[in-house]
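**Q** Okay, predicted coordinates and the sequence, questions at the end:
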Amino acid sequence: MKLIAYCLTAAMTIATITTASAAAAAAKPKGEPFGKTADGTPVEVFTLTNAKGIKLRAMTYGAIVLSLETPDRNGKSADIVLGYRTLADYIKSTPYFGAIVGRYGNRIAQGKFKVDGKQHSLATNNTPGGMPCALHGGLKGFDKVVWQGEGVTQAGAQGVRFRYVSKDGEEGYPGTLALTVTYWLSDNNEWRVDYLATTDKATPINVTQHSYFNLKGEGNGDILGHELTFKASKFTPVNAGLIPTGELRPVKGTPFDFTSKHAIGERVNSVDEQMKFGGGYDHNWVLDNQTGSLALAATVYEPTTGRTMEVLTTEPGLQFYCGNFLDGKLTGKSGRPYEFRNGFCLETQHYPDSPNQPSFPTTILRPGQTLKSTTVFRFGAN
């Protein structure tokens with residue numbers, strides 16, 4: 001009888017522990033205060049964790065990822081995304097650290113486009129090569145607004161769901177756009193970004209996640225030793241204003257060939273007109289997968305820490321930017337300045353200037369349609 005009683009007690013204890021663990025795992029992340037904007041709008045931060053030591057923090061201002069901690073080959077965690085400590089720093093000046101950018105990420109030539117024959121004009125907030133363009137949604141894009149945030153959960157993952165309604169005419173774009181972006185952090189070490197959008201008028205949309213990565217840890221120097229592989233045999237060359245020419249150019253025999261593994265610094269200073277225009281890599285790669293299904297787009301390996309990152313996406317393009325405009329004037333959350341090429345971006349996207357390029361995959365979303373897009377960042381170490 002004592003043995004039976006003991007077994008029953010043990011079973012009940014295990015069940016209690018299991019239930020408690022399941023309840024903890026199922027707990028929805030809660031928003032915590034992270035300051036206020038100039039007009040008094042409160043901003044919240046949500047913290048996502050998984051069973052393998054990864055932690056992601058994101059705030060409702062700009063849907064910005066504030067930090068992303070992942071372990072190296074020895075199990076030592078470090079924050080691998082660039083950013084600031086305070087909301088005030090993000091509001092003051094930021095090159096889109098960690099943000100969702102849109103309504104149209106990347107560039108639109110001259111800040112002009114037509115939809116169904118009607119001309120639309122945007123603010124020209126960027127002038128590479130002295131040629132004006134609209135960049136990343138304009139003067140107050142999605143990176144500079146406060147989203148609604150809500151903690152969510154599903155089996156094996158915690159998440160935060162951000163919602164924003166962009167009104168008709170906002171930054172010059174037609175149509176009221178309802179956008180939902182959900183960040184999931186799973187126990188499979190995947191950070192999944194799901195996009196969902198609808199509109200009441202035809203409008204271009206090209207939203208993307210703009211985190212700057214350094215797999216050595218933010219503030220730990222340049223990213224030139226990171227080794228990259230892209231599933232892309234073509235890229236879109238640009239003019240001096242960083243606007244695509246319309247050509248889909250093979251990467252073979254150029255510094256843009258990452259079909260096999262190459263370090264970022266290996267060819268970044270090549271004597272190549274395209275590299276001159278971008279000041280290094282700041283181009284869109286045409287991914288081999290054009291089916292709209294989720295597929296591997298890029299792999300990254302950092303030799304000193306062993307950290308790895310895989311990027312999977314349903315998008316047709318990938319913008320690789322290697323921090324050519326970082327110049328040491330911005331001080332990061334570690335208290336160290338972000339110098340030239342101290343971070344890189346892998347922005348899954350449709351191609352730049354698509355509204356003005358009929359041969360590119362369309363970015364026009366129409367009433368009755370629903371935009372659905374997914375990108376996954378998968379982390380590891382070896």
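**A** That came through fine. Numbering: from 1, shown residues only.
**Q** show me what contacts Lys112?
**A** Gln119, His120, Ser121, Leu122, Asn356 (Cβ atoms under 8 Å, 6 or more residues apart in numbering). For every residue, glycine as well, the C-beta is placed using N, CA and C.
**Q** Could you tell me which residues make contact with the fourth one?
**A** Okay, so that is Leu122. Leu122 sits in contact with Ile108, Gly111, Lys112, Phe113, Ala134, Gly138, Glu171, Gly172, Tyr173, where contact means Cβ under 8 Å, 6+ apart.
**Q** Apply 6 Å and report the result again.
**A** Gly111, Ala134, Gly138, Gly172 (Cβ atoms under 6 Å, 6 or more residues apart in numbering).
**Q** can you pick the most crowded of those residues?
**A** The most crowded member of those, judged by other Cβ atoms under 10 Å, is Ala134 (28 neighbours).
**Q** will you turn the contacts of Leu122 into TSV that also has pLDDT, secondary structure and distance to Asp327?
**A** TSV is the format used below for these (pLDDT from 0 to 100; DSSP: H, G, I helix; E, B strand; the rest coil; distance: Cβ to Cβ, whole Å):
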residue	pLDDT	secondary structure	distance to Asp327
Gly111	98	coil	25
Ala134	98	strand	23
Gly138	97	coil	23
Gly172	98	helix	30
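**Q** Who does Leu48 form a beta bridge with?
**A** Leu56 (DSSP bridges).
**Q** if I look at it, how far off is Gly156?
**A** 12 Å (Cβ to Cβ, to the nearest Å).
**Q** what's the answer for Gly280, then?
**A** 39 Å.
**Q** Looking only at neighbour counts, state which of those two leads.
**A** Gly280 (25 against 14).
**Q** ok, the more buried one - contacts?
**A** Taking Cβ under 6 Å, 6+ apart, one finds Val268, Cys322, Asn324 in contact with Gly280.
**Q** and what of Glu69?
**A** Per Cβ under 6 Å, 6+ apart, neighbours of Glu69: Lys55, Ser77, Asp79.
**Q** what pLDDT does it get?
**A** We have a pLDDT of 98 for Glu69.
**Q** Sketch out the helices for the protein, chain order is fine.
**A** Secondary structure of the chain by DSSP state H: the helices cover 2-26, 87-92, 264-267, 273-278.
**Q** Spatially nearest residue to Gly343 (excluding sequence neighbours)?
**A** In space, and not counting its chain neighbours, Gly343 is closest to Tyr212: 3.4 Å by Cβ to Cβ, 6 or more residues apart in numbering.
**Q** hey, C-alpha coordinates of stretch 373-382 in PDB?
**A** In PDB, the C-alpha atoms belonging to stretch 373-382 read as follows (Å, rounded to 0.1, in the frame of the first residue of the first chain):
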ATOM      1  CA  SER A 373       4.300  36.700 -46.600                       C
ATOM      2  CA  THR A 374       6.600  34.900 -44.300                       C
ATOM      3  CA  THR A 375      10.300  35.100 -43.400                       C
ATOM      4  CA  VAL A 376      12.100  32.800 -41.000                       C
ATOM      5  CA  PHE A 377      15.500  33.500 -39.300                       C
ATOM      6  CA  ARG A 378      16.900  30.200 -38.000                       C
ATOM      7  CA  PHE A 379      19.800  30.300 -35.500                       C
ATOM      8  CA  GLY A 380      22.400  27.700 -34.500                       C
ATOM      9  CA  ALA A 381      26.100  27.300 -33.600                       C
ATOM     10  CA  ASN A 382      28.800  24.800 -34.600                       C
END
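**Q** So what's the gap between it and the chain middle?
**A** Offset of stretch 373-382 from its chain centre (Cα atoms, centre = their mean, to the nearest Å): 11 Å.
**Q** ok, back up a step: which PyMOL command selects the buried ones in the contacts of Glu69?
**A** A single PyMOL command suffices to select whichever of the contacts of Glu69 are buried according to 16 or more other Cβ atoms under 10 Å:
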select buried, resi 79
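**Q** Pipe the contacts of Glu69 into TSV and attach pLDDT per row.
**A** Output for the contacts of Glu69, formatted as TSV (pLDDT from 0 to 100):
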residue	pLDDT
Lys55	98
Ser77	97
Asp79	98
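**Q** Pipe the contacts of Glu69 into JSON lines and attach distance to Gly217 per row.
**A** JSON lines is the format used below for the contacts of Glu69 (distance: Cβ to Cβ, whole Å):
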{"residue": "Lys55", "distance to Gly217": "14"}
{"residue": "Ser77", "distance to Gly217": "9"}
{"residue": "Asp79", "distance to Gly217": "6"}
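**Q** any idea which residue sits dead centre in this protein?
**A** Residue closest to the mean C-alpha point of the chain, counted by Cα atoms, centre = their mean, is Gln209 at 2.1 Å.
**Q** Quick check: that residue touching Arg192?
**A** No - using Cβ atoms under 6 Å, Gln209 is not in contact with Arg192, being 10.8 Å away.
**Q** Chain neighbours aside, what residue packs nearest to Phe377?
**A** Nearest residue to Phe377 in three dimensions, chain neighbours excluded: Trp191, at 4.4 Å (Cβ to Cβ, 6+ apart).
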